[in-house]
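Build me a model:
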Amino acid sequence: MKRKDRYDYILEYFRQKVGKVSTELMFGSSFQLLCATLLSAQCTDKRINEITPALFRHFPSAKEMAKAEVDDIFEFVKSVSYPNSKAKHLVEMSKILVNDYGGEVPSDPKELVKLPGVGRKTANVVQSVWFGKPTLAVDTHVYRVSHRLGLVPKEANTPRKVEDYLMKNIPLDEVSSAHHWLLLHGRYICKSARPNCNKCQFEFLCPKLLDASKLT
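Next up is the predicted model:
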């Protein structure tokens, strides 16, 4: 099966069986989405959704969070990965949003990645989910699934290379959905340590059964 046919089959399955889908993170504003996405780095969305309701009740916007001490934020995020640095980033980020952007989250990716703790992946999530832009965030799930399903070549060995390759092969109007299709497939089916191959609808075309180097 050529790589193009692989894309056609996999995308068509997701269109028909999954349809429109978005992030599982809970949020009520662009600021809250930005915070939740920042916190979710190397942590599960389930854990983030457990701690953000209380965090956002106390600090619902950049204005309130900018006035907080790092220790105040730490108390709410101490159960997530890297809580010290994330608490610091949230406070610093909020201050910059208030001072430089009037408390609003910028839509320009070049401005987003200037914020403490915000990398390309987080910026792409915010652009896609909140601003409706055709961006594709490559997290560990998307990276893993893209390789396992043969959607990208072995040479696409960085998140940016995977992103660029996927963007060339996915219709622009489906880029945002495709991000979540691949992410959720990785989260619930094609898991890192113990993939549920018996539940995978793509088992018959999985490159592990083939010589992946022959994909074109």
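
dump the residue contacts of the residue nearest to Met1 when sequence neighbours are not counted.
Nearest non-adjacent residue to Met1, counting by CB to CB, 6 or more residues apart in numbering: Leu205, 5.9 Å away. Placement of C-beta: from N, CA and C, glycine included. By CB atoms under 8 Å, 6 or more residues apart in numbering, the residues touching Leu205 are Met1, Arg6, Tyr9, Leu149, Gly150.

Walk me through the domains of the chain.
What the TED database lists as the domains of the chain is 30-130, 136-205.

what is the rounded mean pLDDT of the last one?
Here domain 136-205 scores 94 as its mean pLDDT.

Please apply the same query to the longest one.
Confidence for domain 30-130, expressed as mean pLDDT, is 96.

for that domain, how far is the first residue from the last?
6 Å (CA to CA, to the nearest Å).

got it, and stretch 99-109?
Using CA to CA, the two ends of stretch 99-109 sit 18 Å apart.

Of the domains of the chain, which is nearest Lys20?
domain 136-205 (6.0 Å; CB to CB).

wait, which of the domains of the chain is closest to Tyr13?
domain 136-205 (6.1 Å).

Relative to the whole chain's centre, how far out is the closest one?
12 Å (CA atoms, centre = their mean, to the nearest Å).

For it, measure first residue to last.
OK, domain 136-205 end separation, CA to CA: 24 Å.

I'd like the next helix or strand past the longest helix along the chain.
Scanning the chain for the longest helix, with DSSP state H as the assignment, gives helix 83-101. Beyond helix 83-101 on the C-terminal side, the first helix or strand identified by DSSP states H and E is helix 109-112.
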